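Enquirer: Predicted model follows, preceded by the sequence.
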Amino acid sequence: MEIAGTVQRRPLILVSLLLAAFVINLDITIVNVALPTLVRELHATNSQLQWVVDAYNLVFAALLLAGGSLSDRFGRKGFLLAGLVVFGAASVAGGLTNTADQLIVARCFMGLGAAMIFPTTLSLISNVYTERAERAKAIGLWGATAGIAIALGPIVGGGLLEQFRWTSIFFAMAPVAAVTAALVAWSVPTSRDPGAHRTDIPGLVLSSAAIALLTYTLIEAPSHGWSSGRTLAGFAVAAALFAVFILRERSAAEPMLDVSLFRNLRFTAASGSVTIAFFGITGFSFLITQYFQFLKGYGPLSTGVRLLPVAFAVGIMSVLGTQLAVRFGTKQVVTVGLVFFAVFFAWVSTADTATSYLEIVGQMLLGGSGVGLVSAPATEAIMGVVPKAKAGIGSAVNDATRLLGSTLGIAVIGSVYVSLYNNRLSDKLPAALTPQDARTAHDSVGRAFALANQTSGNGHPALADAVHAAASNAFFHGFSVGCLVAAGVSAVAAIGALVLLPAHPTTDPTTGLTLALESE
């Protein structure tokens with residue numbers, strides 16, 4: 001049954017929830033363009049810069065399951081409003097900071113607010129829109145909003161930095177959060193899980209600790225090495241925590257997460273597909289921003305604007321993809337999206353300095369279409385499996401797969417690129433370069449190009465040209481192989497979706513009535 005009195009307010013409810021999802025996803029990437037400014041004004045080190053970005057994502061990911069479960073238990077609307085207050089206040093605090101460490105702490109609290117907000121937006125949509133076709137359309141808009149927000153982050157951040165101080169990118173979030181909270185308070189109905197009587201504290205602690213450790217290990221693995229003792233120990237302890245969590249949830253009278261959901265292929269295969277989509281798109285973003293800025297010479301704002309075709313394609317295909325999934329089947333749509341993704345990465349791997357922006361636009365439209373065709377229909381499949389009363393935790397699982405995929409994308413594809421860049425550069429750098437300058441060139445392709453410019457200015461144009469050519473060659477070697485790795489992962493995922501992902505739901509989670517056969 002629908003929540004009473006919501007039919008007339010549905011458009012405003014949806015706008016409120018989409019705006020809440022928009023602001024926290026915008027904050028994932030808006031800070032990236034301010035990192036050079038933070039070096040100048042806060043004297044931030046490279047490690048501090050990394051944690052200005054990663055602190056938000058780490059806390060966001062770690063507390064998602066807890067946030068989804070607690071919103072089911074105590075009420076989704078109230079939890080959403082509390083999250084908006086936390087997020088808005090932390091954003092103001094971030095703008096008032098005077099040191100990088102203070103900003104990192106503020107970013108942690110922004111991540112806490114985001115973990116309270118994101119799962120409640122999707123769970124409320126699932127409770128307001130109970131008919132599958134309507135729910136699919138609303139989830140498509142939700143997926144489009146989240147994808148567009150991530151793409152617009154660097155553009156909004158770049159625009160603010162051109163007009164105001166770096167603090168503006170944090171202060172700007174507060175009024176948006178306040179307006180959203182007002183809309184939510186006025187329009188969004190209250191809902192909760194009527195069967196939840198006790199909070200699963202051990203489950204909350206174990207899930208948060210396991211996800212936090214896994215995310216932290218993935219973030220740090222490229223720096224310490226994937227085979228280092230520290231990295232392997234992190235993965236081992238995270239796996240042990242997940243195992244204990246599963247055992248706890250299977251024996252709990254009121255578990256935080258019904259782990260039997262993972263026996264439903266529509267739930268697990270869809271979750272895996274979402275992970276792969278975000279694995280690929282964030283890995284692509286990591287590579288293409290360097291390509292645009294260092295190899296094409298675009299500025300930060302110009303780079304963000306040139307990424308708009310991805311946002312456009314994600315938005316359009318998220319909405320269209322959910323409707324196609326209802327009509328033709330989730331299996332077919334998600335498989336096509338993953339095939340698009342594999343072809344997209346194989347095509348991008350051929351890029352060089354002579355590749356025209358028009359060709360890159362074609363690549364980005366294909367890749368963004370793949371993301372839209374995978375993420376929104378798979379999300380609709382996940383939420384269609386989860387009972388309405390447990391929509392908060394179901395939404396949190398979906399959101400966690402997105403963040404885990406994003407973290408994996410940067411860690412794995414970034415590691416492949418960096419490793420191959422350094423190996424090729426060692427072979428190609430001219431012997432006349434000093435050891436100190438060689439180390440500088442290995443820091444990044446941007447540092448290598450800056451070294452080449454400096455060397456040319458010092459009266460050594462031939463040496464400068466050799467350094468520039470070596471760095472360019474090494475960049476494209478790592479770039480190409482990184483893209484081919486993503487293409488291979490996407491192709492394997494497409495086969496997995498084709499084999500494992502049911503086309504249509506087998507039962508209505510509200511009534512338990514059989515709706516369709518799984519595999520056809």
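Expert: Ah, there it is. Residues are numbered from 1 along each chain as shown.

Enquirer: okay, the lowest-mean-pLDDT helix or strand in the chain in PDB with CA atoms only?
Expert: Counting by mean pLDDT, DSSP states H and E, the chain has its least confident helix or strand at helix 35-42, which shows a mean of 74. In PDB, the C-alpha atoms belonging to helix 35-42 read as follows (Å, rounded to 0.1, in the frame of the first residue of the first chain):
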ATOM      1  CA  LEU A  35      43.600  20.900  -4.200                       C
ATOM      2  CA  PRO A  36      46.300  23.100  -5.700                       C
ATOM      3  CA  THR A  37      44.800  26.100  -3.900                       C
ATOM      4  CA  LEU A  38      44.900  24.200  -0.600                       C
ATOM      5  CA  VAL A  39      48.600  23.700  -1.100                       C
ATOM      6  CA  ARG A  40      49.100  27.400  -1.400                       C
ATOM      7  CA  GLU A  41      46.800  28.600   1.300                       C
ATOM      8  CA  LEU A  42      46.800  25.800   3.900                       C
END
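
Enquirer: contacting residues around that helix?
Expert: Defining contact as C-beta atoms under 8 Å, 6 or more residues apart in numbering, one finds that helix 35-42 is touched by 44, 48-49, 52-53, 97-100, 103, 161, 166. C-beta coordinates here come from the backbone N, C-alpha and C atoms, glycine included.

Enquirer: can we see that at 7 Å?
Expert: Identification of contacts with helix 35-42 by C-beta atoms under 7 Å, 6 or more residues apart in numbering yields 44, 49, 52, 99-100, 103, 161, 166.

Enquirer: Give me the below-cutoff pLDDT ranges for the protein.
Expert: The model of the chain has pLDDT under 70 over residues 1-8, 35-36, 45-47, 50, 192-197, 300, 389, 391-392, 505-520.

Enquirer: Distance from the chain centre to the helix ranked longest in the chain, please.
Expert: When the chain is parsed with DSSP state H, its longest helix is helix 461-500. Its chain's C-alpha centre and that of helix 461-500 lie 21 Å apart, by C-alpha atoms, centre = their mean, to the nearest Å.

Enquirer: which other helices and strands contact it?
Expert: Here helix 461-500 touches helix 265-290, helix 330-348, helix 414-428, helix 445-457, going by 3 or more C-beta pairs under 7 Å, 6 or more residues apart in numbering; DSSP states H and E.

Enquirer: show me where the protein has strands.
Expert: Read by DSSP state E, the chain holds no strands at all.

Enquirer: hmm, what's the outermost residue in it?
Expert: In the chain, counting by C-alpha atoms, centre = their mean, residue 459 sits farthest out from the average C-alpha position, at 45.4 Å.

Enquirer: to the chain's geometric centre, what's the distance from the least confident helix or strand of the chain?
Expert: With C-alpha atoms, centre = their mean, you get 24 Å for helix 35-42.

Enquirer: picking up where we left off before, run the angle between the longest helix of the chain and helix 265-290 for me.
Expert: Angle of helix 461-500 versus helix 265-290, following axes from the mean of the first three to the mean of the last three C-alpha atoms, to 10 degrees, is 170 degrees.

Enquirer: Apart from its neighbours in sequence, what residue is nearest residue 367?
Expert: Leaving aside its chain neighbours, residue 367 sits nearest to residue 344 (3.9 Å; criterion: C-beta to C-beta, 6 or more residues apart in numbering).

Enquirer: That neighbour: how many residues sit nearby?
Expert: By other C-beta atoms under 10 Å, 27 other residues sit near residue 344.

Enquirer: Show me how far stretch 15-31 is from its chain's centre.
Expert: Taking mean C-alpha positions (C-alpha atoms, centre = their mean), stretch 15-31 and its chain are 12 Å apart.

Enquirer: hmm, who's touching that stretch?
Expert: With C-beta under 7 Å, 6+ apart as the test, stretch 15-31 has contacts from 52-53, 56-57, 80, 84, 87, 110, 114, 117-118, 121, 124-125, 141-142, 145-146, 149-150, 152-154, 156-157, 169, 173, 176-177, 180, 183-184, 187-188.

Enquirer: buried ones in it?
Expert: Using 16 or more other C-beta atoms under 10 Å as the burial criterion, the residues of stretch 15-31 that qualify are 16-31.

Enquirer: Extract the C-alpha trace of it and format it as CSV.
Expert: The C-alpha coordinates for stretch 15-31 follow below in CSV (Å, rounded to 0.1, in the frame of the first residue of the first chain):
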residue,chain,number,x,y,z
VAL,A,15,12.3,16.9,-6.3
SER,A,16,13.2,17.0,-2.6
LEU,A,17,14.8,13.6,-2.6
LEU,A,18,16.7,14.2,-5.8
LEU,A,19,18.1,17.5,-4.5
ALA,A,20,19.3,15.7,-1.4
ALA,A,21,21.0,13.1,-3.5
PHE,A,22,22.4,15.8,-5.8
VAL,A,23,24.2,17.8,-3.1
ILE,A,24,26.0,14.9,-1.4
ASN,A,25,27.2,13.5,-4.8
LEU,A,26,28.3,16.9,-5.9
ASP,A,27,30.5,17.1,-2.8
ILE,A,28,32.4,13.9,-3.9
THR,A,29,34.1,15.7,-6.7
ILE,A,30,33.7,19.5,-6.1
VAL,A,31,36.8,19.6,-3.9
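
Enquirer: hang on, the earlier thing: so which of the contacts of helix 35-42 is the closest to residue 315?
Expert: Nearest to residue 315 among the contacts of helix 35-42: residue 161, at 24.6 Å, using C-beta to C-beta.

Enquirer: Just want to check the distance between that closest one and residue 171.
Expert: Using C-beta to C-beta, to the nearest Å, we find residue 161 at a distance of 13 Å from residue 171.

Enquirer: Neighbour count: the two, which is higher?
Expert: Taking other C-beta under 10 Å, residue 161 and residue 171 do not tie; residue 161 has more neighbours (19 against 16).

Enquirer: Please name the nearest non-neighbouring residue to residue 209.
Expert: With sequence-adjacent residues excluded and distances taken as C-beta to C-beta, 6+ apart, residue 209 is closest to residue 241, at 5.5 Å.
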